[in-house]
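*Asks:* okay, here's the prediction I keep looking at, along with the sequence it came from:
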Amino acid sequence: MTETFSTLVKELQAIVGEKNATDDRAICTSYSRDQHWHFVPAKNPACVVRPGTKEEVRSVLMLANTHKIPVIPYSTGINVRGLTIPVHDGSILLDLSRMNRIVEINPEMKTATVEPGVTFGMLLEQTRKHKLRPAFPDAPLTVSVLVNYYLRGIYQTSATDGHDHTISYEMILPNGETLKTGSRALSEMPYFRYGVGPDFAGMFGAHPGTCGVVTELTAKLYRLYDNRKEYFIGFDDVGTPTEFIYNLMHDELAASIRLVDNQSWLEGIFGTFDYAYDKLPKFVVCVLVEGVDGIFDAKDKLVRKYMHESGGQILELPAEFAQTFEDESLGGAEKSCMVFGLPGKGNYHCIGLYGPLTQAAKYYEVHEKTALEVGIPKDHIHFYIDPIYSFHGQLCYFELDVFYDGSDSGFGEKLRNYNEKQFHRLLELGIYGWFRPYAGIIEPTAERIGYLAEVWKKFLRVLDPNEIMNRGKLF
Amino acid sequence: MEQEREEEILSAIHHCVKCKLCSIASFHPNAKWLPLCPSGQYYGYQAFYAPGKMEIFRAILEGEITEPSKGLLNSVYACTVCGACYEKCKQITNVELGAPELFEEMRHELASRGWSLDVHKSIAELIKETKNAYGEKYEYKVETTDQNADVIYYIGCTARYRVPEIADAMLEIFDKLGLKYQVMGEEWCCGSVLFRTGQVEAAKELVAHNVEEIRNSGAKTVVFTCPGCMKTFEKDYPDMGVELVHSTQFLTRLGNINLKKEDLKAAYHDPCHLGRDLGIYEEPRVVLSEVADIKTMKREKEQAWCCGSGGGVKSAFDDFALWSATERLKEAKEAGADALVSACPFCKRNLKEAAENEELEVYDVVELVNRCLEG
Ligand SMILES: Cc1cc2nc3c(=O)[nH]c(=O)nc-3n(C[C@H](O)[C@H](O)[C@H](O)COP(=O)(O)OP(=O)(O)OC[C@H]3O[C@@H](n4cnc5c(N)ncnc54)[C@H](O)[C@@H]3O)c2cc1C
Ligand code: SF4
Ligand code: SF4
């Protein structure tokens, strides 16, 4: 560590308190790698700073901006895409997990306002008292609500919730200014997304990084219903169930709809009990119906009708499984997202993308083809589809998964080959967009988006002219 | 470290996806956010949670960390090696990371490089000199009642020198029930603190001595009130052809011993070594239910919150140990208990110290049994 840097650590300690800033090598190492390390190699930040208030965040940013020191905001660090792993030497890792206040739950407005360190688990614990819940990603419920919404996650656990859950936020910029979005900019009421001027709250959706630090975000909450019912229907291919899925989506019948291959995800849950899940049909559509009394009954009746017409095999799965599916779809993922434990494997690689349901069979086909080409064994190849309301453009989230043993460096090589081919093939095939562009995926994509890429880069520079903020390996 | 073992460890570390689900107790079905990792919760930096610690171990093995910085020693040793992270991880991921074993191995690796805390080194010195972990020069007075008894009671340093009421209670139980027992002529520290802090070499002499004493005693059963000692015998000692049983197992096996139940609401605190390490959850509850009404705490059994004293934490990071104990006391009070009952002298000592200004009583289960047993 250079003399200048240790002076800087002292200045940072003066802002956040001695025990909340350190350049200790071991402490920094603990932030050096995530499960995406086959693609983003380990790198230490030069120091870690743990601010406790907005004002501390502001002071740290202004100091870093003055010295042109890279800053990596980190809320819970669970993004699994290497997004908080430093790119540059001498970076400050800004660990925001101490800022974990739920600022407000407003049952009348159906909103919650949170700080970066608030996780989905923490938030649901409070909102359920009002029979409300946040929209859940299928990510561990230990991840930050604020970051997930800010970067626009994917919310396949409940299709009904749709896509965008951010209403407004405030962001501290490197120059110390505060940017407030939506109605927040005009009043004390942060409850409307489209305030004055452009829709800033959407600017960082589908973005892997940032130009400032979001310190507070107001999000939508959704109703929790008492009536719920689950169904599981088996199919032998991806194409056949698409009509069934279409019907459910078109008539807005089910809260949760998910087509999975029987090894992925299902096994993540099933792995904890004794059941011959490998004997299930190759694909299973999981459906969860919910609603208030009369509406629930009507929806349920129609779902059953479509289910019987679907040509699928109606499966009787253990009650314990159905309970986990219900808990985790509408209450945050814990077991179901932890598919890593599939026997003999342990790690997870995915390409997440948005596209129309009409392309489902093609996406699966190209996934399997490319994986086999690069030498990935068949039983490591997994897939799922989550349709998203209100289904304009037949919008679905597709996940092309590979479960593998992360300690096998040869497999890492296969995955890099897979990505190289697959990104291009999918772009050729036609997709709506990536779940979140990240290192490796953005390069072939940026080539195709014309002048948008230029404007995007310029926009980032306006907010962050010294380029100190973590762009998430973008540009 | 041998290459093969190093590869095994690195492979386990690579399987950690850094999801941090090991930092909370199972969320469903009650939708309660309950922290599980005392060290991460108290210190906050990623280094103090299981995934961060694993990353540090990786960097040590791969030669990236070559100096014992303060943060390194703190993050490695301010972990109670309670194993809560591992229990949670294996429930959800099925990935056998074996975190506590990994963390002990990590300490061993550090100690072999001389990277130990001074306070732990001085405990090793004390043990070398006095054969007990507290450096006490006097003897806890106790006599064998029958040289040929099948049962030998291994008392342990903490019950002999810091919480003698536990040893007293156990001995009185033997006497009241008219059971013959042996104690070791010269009981040496079991070596637990040395194993747990990575100073494995220093423990060899203790193991050899205790093994010989037990073999010579001819006893068939060793009874422990200290789960830390029992775990050490089970895991780090050679097989002596004797049965190792915890006091609560011993008591349940006796069947009905006419205990007079008290009007006491008691929460049971699972000691990490007894529960997560030895898998003994039921017997202490069976025994306790005969002497008190059990009030269930939110975090229990595999997902019990650690009292905060294990893994050499009490001696090196007392503030942290007491904070962790205070969190447990709060939980017991929330459960509506008047007393917090454990089955481990080390837990009792730390919990009792934290409860100094609290209304809550702290006991070891054998103390209550003794109180409820007619003489
Ligand atoms: C098993 C697993 C499954 C997952 N499945 C899904 C899924 O189905 N759907 C889904 O949406 N996601 C999924 N995820 C990933 C999840 O989206 C991320 O964990 C989460 O969205 C963001 O991660 P984080 O909160 O840990 O943020 P971090 O890792 O802390 O940060 C992520 C990015 O945001 C930036 N950032 C962090 N804090 C701030 C801030 N306060 N202001 C500005 N920028 C900030 C960082 O610099 C980084 O670029 C999954 C993750 C795992 C481990
Ligand atoms: S130890 Fe297990 S539960 Fe904890 S972060 Fe690693 S994989 Fe997740
Ligand atoms: S062993 Fe206990 S204190 Fe140590 S990291 Fe795991 S849960 Fe935390």
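*Replies:* Everything's here; your move. Ligands and ions are numbered 1, 2, ... in the order given.

*Asks:* just give the nearest non-adjacent residue to A:D251, would you?
*Replies:* Counting by C-beta to C-beta, 6 or more residues apart in numbering or on different chains, the nearest residue to A:D251 once its immediate chain neighbours are dropped is A:L302, at 6.2 Å. In short, each C-beta sits where N, CA and C put it, glycine included.

*Asks:* do you know how far the one you found is from B:E205?
*Replies:* 76 Å (C-beta to C-beta, to the nearest Å).

*Asks:* for B:C226, same thing?
*Replies:* For B:C226, the distance to B:E205 - C-beta to C-beta - is 20 Å.

*Asks:* next one: A:T358
*Replies:* 74 Å.

*Asks:* ok, B:K18 next?
*Replies:* Taken as C-beta to C-beta, the span from B:K18 to B:E205 is 40 Å.

*Asks:* which one of those two is surrounded by more residues?
*Replies:* B:K18 (26 against 15; other C-beta atoms under 10 Å in any protein chain shown).

*Asks:* list the contacts for the more buried one?
*Replies:* A:D34, A:Q35, A:G77, A:I78, A:V80, B:P51 (C-beta atoms under 8 Å, 6 or more residues apart in numbering or on different chains).

*Asks:* now with 7 Å, please.
*Replies:* A:D34, A:Q35, A:I78, B:P51 (C-beta atoms under 7 Å, 6 or more residues apart in numbering or on different chains).

*Asks:* cool, A:I441 as well?
*Replies:* So A:I441 contacts A:F423, A:W434 (C-beta under 7 Å, 6+ apart).

*Asks:* from A:D24, how far off is the residue of the stretch 151-300 of chain B found nearest chain A?
*Replies:* Proximity of the stretch 151-300 of chain B to chain A (C-beta to the nearest C-beta) peaks at B:K298, 12.0 Å away. From B:K298 across to A:D24, the span is 34 Å (C-beta to C-beta).

*Asks:* out of the two, which sits in the busier spot?
*Replies:* Just comparing B:K298 and A:D24: by other C-beta under 10 Å the higher neighbour count belongs to A:D24, 20 against 14.

*Asks:* apart from its chain neighbours, what residue comes closest to the closest residue to ligand 1 within chain B?
*Replies:* Residue nearest to ligand 1 within chain B (C-beta to the nearest ligand atom): B:C19, separated by 4.6 Å. Ranked by C-beta to C-beta, 6+ apart and with sequence neighbours excluded, the top spatial neighbour of B:C19 is A:P140, at 4.3 Å.

*Asks:* what's the neighbour count on that neighbour?
*Replies:* For A:P140, using other C-beta under 10 Å, the count is 27.

*Asks:* got it, and B:E186?
*Replies:* Residues lying near B:E186 (other C-beta under 10 Å) number 9.

*Asks:* so where do the strands sit in the stretch 151-300 of chain A?
*Replies:* A:166-172, A:178-180, A:213-220, A:222-223, A:227-235, A:256-261, A:283-291 (DSSP state E, counting those that start in this stretch).

*Asks:* quickly, which of those bottoms out on average pLDDT?
*Replies:* Mean pLDDT per stretch puts strand A:256-261 lowest among the strands of the stretch 151-300 of chain A, at a mean of 92.

*Asks:* that one pairs with which strands?
*Replies:* strand A:283-291 (antiparallel), strand A:381-387 (antiparallel) (DSSP bridges).

*Asks:* state the mean pLDDT of the shortest one.
*Replies:* In other words, strand A:381-387. Strand A:381-387 comes out at a mean pLDDT of 92.

*Asks:* show me what counts as buried in whichever helix or strand B:I294 is part of.
*Replies:* B:I294 is part of strand B:293-295 when elements are defined by DSSP states H and E. Buried residues in strand B:293-295, defined by neighbour count with 16 or more other C-beta atoms under 10 Å in any protein chain shown: B:I294, B:K295.

*Asks:* which SSE is immediately downstream of that strand?
*Replies:* helix B:313-316.

*Asks:* for chain B, what are the low-confidence residue spans?
*Replies:* B:94-99 (pLDDT under 70).

*Asks:* and it, which of its residues are near ligand 3?
*Replies:* B:36-40, B:50, B:53, B:79-85, B:99-100, B:306 (C-beta under 6 Å from any ligand atom).

*Asks:* thinking again about what came up before, give me the sheet partners of the strand holding B:I294 and which way each runs.
*Replies:* Short version: by DSSP bridges, strand B:293-295 pairs with strand B:265-268 (parallel).

*Asks:* pull the residues that contact the helix or strand just after the strand it pairs with.
*Replies:* Downstream of strand B:265-268, the next assigned helix or strand under DSSP H and E is helix B:282-291. For helix B:282-291, contacts defined as C-beta under 7 Å, 6+ apart pick out B:248-249, B:251-252, B:259, B:261-262, B:266, B:268, B:294, B:341, B:343, B:365, B:368-369, B:372.

*Asks:* is any part of stretch B:47-61 close to ligand 1?
*Replies:* No - against ligand 1, stretch B:47-61 shows no contacts by C-beta under 6 Å from any ligand atom, the least distance being 10.9 Å.

*Asks:* what is the burial count for A:T160?
*Replies:* 21.

*Asks:* quick check: A:V103 is in a helix.
*Replies:* No - using DSSP: H, G, I helix; E, B strand; the rest coil, the assignment for A:V103 is strand, not a helix.

*Asks:* with adjacent residues omitted, what lies nearest to it?
*Replies:* Going by C-beta to C-beta, 6+ apart, A:V103 has A:T113 as its nearest residue, at 4.1 Å.

*Asks:* next one: A:Q13
*Replies:* Computed as C-beta to C-beta, 6+ apart, the closest residue to A:Q13 that is not its neighbour in sequence is A:A21, at 4.6 Å.

*Asks:* tell me the confidence at that neighbour?
*Replies:* 98.

*Asks:* touching, the residue nearest to A:V103 and A:R101? I think so.
*Replies:* No - contact between A:T113 and A:R101 fails when scored by C-beta atoms under 7 Å: they sit 9.2 Å apart.

*Asks:* more neighbours: which of the two?
*Replies:* Higher neighbour count among A:T113 and A:R101: A:T113, with 24 against 14, using other C-beta under 10 Å.

*Asks:* domain assignment for the chain?
*Replies:* No chain in the question, so chain A it is. A:3-97, A:102-223, A:228-434 (automatic domain parsing).

*Asks:* wrong one, I was asking about chain B
*Replies:* When chain B is cut into domains by automatic domain parsing, you get B:3-115, B:151-253, B:265-372.

*Asks:* do any residues in the first one lie close to ligand 2?
*Replies:* Same thing as domain B:3-115. Yes - judged by C-beta under 6 Å from any ligand atom, domain B:3-115 and ligand 2 are in contact via B:16-22, B:50-51, B:85, B:89, B:93, B:97.

*Asks:* so which of those comes closest to B:D277?
*Replies:* Distance to B:D277, by C-beta to C-beta, is smallest for B:C85 among the residues of domain B:3-115 next to ligand 2, at 13.6 Å.

*Asks:* now do the contacts for that closest one.
*Replies:* Residues counted as contacts of B:C85 (C-beta under 7 Å, 6+ apart) are B:C22, B:L36, B:C37, B:A50, B:A99.

*Asks:* 8 Å - rerun?
*Replies:* Contacts of B:C85 by C-beta under 8 Å, 6+ apart are B:C22, B:S23, B:L36, B:C37, B:Y49, B:A50, B:A99.

*Asks:* which of those residues ranks first by neighbour count?
*Replies:* That'd be B:A50 among the contacts of B:C85, by other C-beta under 10 Å, with 29 neighbours.

*Asks:* in the stretch 301-450 of chain A, which residue sits nearest ligand 3?
*Replies:* Counting by C-beta to the nearest ligand atom, the stretch 301-450 of chain A gets nearest ligand 3 through A:E334, at 16.7 Å.

*Asks:* B:E4 sits in which helix or strand?
*Replies:* helix B:3-15.
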